[in-house]
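Engineer: got a sequence here, can you model it:
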Amino acid sequence: MNAETLEIALFGPCFVRTTGSSPLTITGNKHRALFALLATAPSGVRTRAYLQEMLWGKSSFDGGRQSLRRALSDIRKCLGPLFEQVILTSHSDVTLRFSAVRLIGDSSRGPFLDGVTVREPAFTRWVDAMRREPAVAAQTLASTDAGPCSDLRPSIAILPFQFVLGGTDHRGIGDWLAADVSRFLTRSSLLSVISHLSCREMASQDLVLSDVRRNLSVDYCVTGSVRPVADKILVDVDLCDTSSGRVLVTRRFVGRLEEMIGLNTELTVEMGQSIALALIQDSAAVSWRCRPTCLDDHRLLLSGIGLMHQPTMAGFARSRSLFEEAARRSPRNGEVHAWLAKWYVLSVFNGWSPDRAADTARAESLAKRAVSLDPQNAFCRTIDGFVQGTLLRRWEAALTRYADALDTDPNQPFAWLLKGALHAFTGDSDMAVSHVDWARRLSPMDPFKPFFQSLSATAHFAQGNDYKALDLVNASLEGDRRLASTYRVRAAVLQRLGRDEEARAAARALLVRQPGFTVSGYLRRHPAAAFPAGQEMASALRGAGIPE
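Structural biologist: Alright, predicted model coming up:
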């Protein structure tokens, strides 16, 4: 056989065939399904355990190990010498070499894997999810090339703030403050922050915005001035778009001079959060005025995040198309897939999903893909844990993901938050409270605040800090009135405080947002239901008037 490559068509009538003088076609259902699973995997790699479960199920003899070996042996006999060029096997993984494979066609040819029948439930769910979203399936296939991962993050330079008036004792404050704000913003994986040394060199010259863009290759820059007045310090800040010269926000901050000797002072946190919020709000506003395909790369992911956390369902719905466009442009960017996975988790968890099973499967697939693409990324591992704990109720797996994320990045606020919430569910309320409080302190992104406050309220409720929990849910509702979990905690804590009328009002508000919500449904679906904290929550919800 003089075969040169392997052609795989996954849309429409599915085929796997060789090219060359003596072409042949692989016809077995599970053989073609095996190639489909490999062709849609990050870098073409699937673990043997994953393939065994998907194609033969957990209940099969020896977990499908012999069946997978037999399938690979059959394919080897069929392909002959081409097998070694196309497939690489190890004790743990099976890899499809894309350099020897050509993927044929797209969703215009017909349904995904048309003509392939494998009756294992996990595989059926996966195929159904792909068929429901052919555009996403096409993006998955597009990501099989081994090209570089493009960076969709906006880049920003925090230039040293100019010192005006005052004595010489305070001249270094502007430089120090800019450096501290830069360090604070670096905590966020959403921004590419230029080093302070480069910014300091730029600030030593006469400042021209076009020069800043050209020399530092940044989308945004922050400039400002520092002025000591008595025992206070006034900082005037401008956030500028370097391409248009437009000032996105100008704001004055006030701090105390005596606090400037500390690290990450309240002034630093306030300035960093204000800058991040302005970037997200500007990108979200621009995204309403044009199609996702027309947005600049550096606006795409930020606008999706901004809309996902806006207090409107229209914004949440639109954010999905922005994440999908980001995945199309940067298919090998793990964080993009992680953000889309988070979208599905929030949709299911808050009762907004029209198909919980399909969206759960989609979230799990995206989270696995994110980790496969960027296994050392703390945010990707955190979202994988979010899926495991919140949707799949795999507590140990979730805690392992969060621990791995924090080993990689001890300042990952979302990992601290979710780990704290899980400890609240499982009864370790002291650890839960310490984790969630630290998470709120670490988070540089203001749009996340209502969600952080909502989960923090759960931890304080579990510890019995009812008034603190109530303060947190009220603050969360001021920022976002969509989150069903916030109303759930509010109804429960008010009931426990004996404020029955207010508890019933909160329960009615919850039912408006989740008309089918019941206590039994909560116990069936919520991660805390298997633990005393969940039982206590259920009892309080009954008392507040939630139907059984």
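
Engineer: so what's the residue lying closest to Gly110 once chain neighbours are set aside up against?
Structural biologist: Using Cβ to Cβ, 6 or more residues apart in numbering and skipping residues adjacent in sequence, the residue nearest Gly110 is Gly12, 3.3 Å away. For every residue, glycine as well, the C-beta is placed using N, CA and C. Counting by Cβ atoms under 8 Å, 6 or more residues apart in numbering, Gly12 touches 105, 109-111, 114.

Engineer: list phi and psi for Gly12.
Structural biologist: For Gly12, the backbone dihedrals are phi 70, psi -160 (criterion: degrees, to the nearest 10).

Engineer: how much space between Phe316 and Pro154?
Structural biologist: Relative to Pro154, Phe316 is positioned 22 Å away (Cβ to Cβ, to the nearest Å).

Engineer: give me the more crowded residue out of the two.
Structural biologist: Neighbour count, other Cβ atoms under 10 Å: between Phe316 and Pro154, Pro154 has more, with 24 against 19.

Engineer: the more buried one and Leu300 touch, don't they?
Structural biologist: No. At 9.8 Å, Pro154 does not count as touching Leu300 under the criterion of Cβ atoms under 8 Å.

Engineer: which residues are common contacts for the two?
Structural biologist: With Cβ under 8 Å, 6+ apart as the test, Pro154 and Leu300 both reach Ser283.

Engineer: mind listing the helices in the stretch 101-250 of the chain by residue range?
Structural biologist: With DSSP state H, counting those that start in this stretch, the ranges of helices along the stretch 101-250 of the chain come out as 121-132, 134-142, 173-186, 196-203, 209-216.

Engineer: can you list those helices in TSV and add mean neighbour count, mean pLDDT and distance to His91?
Structural biologist: Listed next are these as TSV, based on neighbours: other Cβ atoms under 10 Å; pLDDT from 0 to 100; distance: least, Cβ to Cβ, whole Å:
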stretch	mean neighbour count	mean pLDDT	distance to His91
helix 121-132	18	86	22
helix 134-142	19	67	26
helix 173-186	21	85	39
helix 196-203	17	76	46
helix 209-216	16	74	48
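
Engineer: select, out of those, the one closest to Arg488.
Structural biologist: Proximity to Arg488 (Cβ to Cβ) singles out helix 121-132 among the helices of the stretch 101-250 of the chain, at 28.0 Å.

Engineer: what does that closest one rub up against?
Structural biologist: So helix 121-132 is in contact with 33, 40, 53-55, 57, 111-113, 116, 118, 136-137, 140, 357-358, 361-362, 365, going by Cβ under 8 Å, 6+ apart.

Engineer: do stretch 359-375 as well
Structural biologist: Contacts for stretch 359-375 (Cβ under 8 Å, 6+ apart): 41-43, 45, 125-126, 128-129, 133, 140, 149, 332-338, 340-341, 344-345, 347-348, 353, 377, 380-381, 383-384, 386-387, 391-392.

Engineer: make a ChimeraX selection of the buried ones in the residues you listed.
Structural biologist: Restricted to buried positions by 16 or more other Cβ atoms under 10 Å, the ChimeraX selection for those reads:
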select :41,42,45,125,126,129,133,140,332,333,334,335,336,337,338,340,341,344,345,347,348,353,377,380,381,383,384,386,387,391
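
Engineer: quick one: the helices in the stretch 401-548 of the chain?
Structural biologist: Going by DSSP H, counting those that start in this stretch, the stretch 401-548 of the chain shows helices at 413-426, 429-442, 449-463, 466-479, 484-496, 500-513, 519-525, 532-543.

Engineer: in TSV, list those helices along with distance to Thr268.
Structural biologist: What follows is the helices of the stretch 401-548 of the chain, written out as TSV (distance: least, Cβ to Cβ, whole Å):
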stretch	distance to Thr268
helix 413-426	15
helix 429-442	12
helix 449-463	17
helix 466-479	22
helix 484-496	29
helix 500-513	36
helix 519-525	40
helix 532-543	35
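
Engineer: can I get those in a markdown table including mean neighbour count and mean pLDDT?
Structural biologist: Below are the helices of the stretch 401-548 of the chain laid out as a markdown table (neighbours: other Cβ atoms under 10 Å; pLDDT from 0 to 100):
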| stretch | mean neighbour count | mean pLDDT |
| --- | --- | --- |
| helix 413-426 | 26 | 87 |
| helix 429-442 | 19 | 86 |
| helix 449-463 | 26 | 85 |
| helix 466-479 | 19 | 86 |
| helix 484-496 | 26 | 86 |
| helix 500-513 | 18 | 86 |
| helix 519-525 | 15 | 81 |
| helix 532-543 | 19 | 84 |
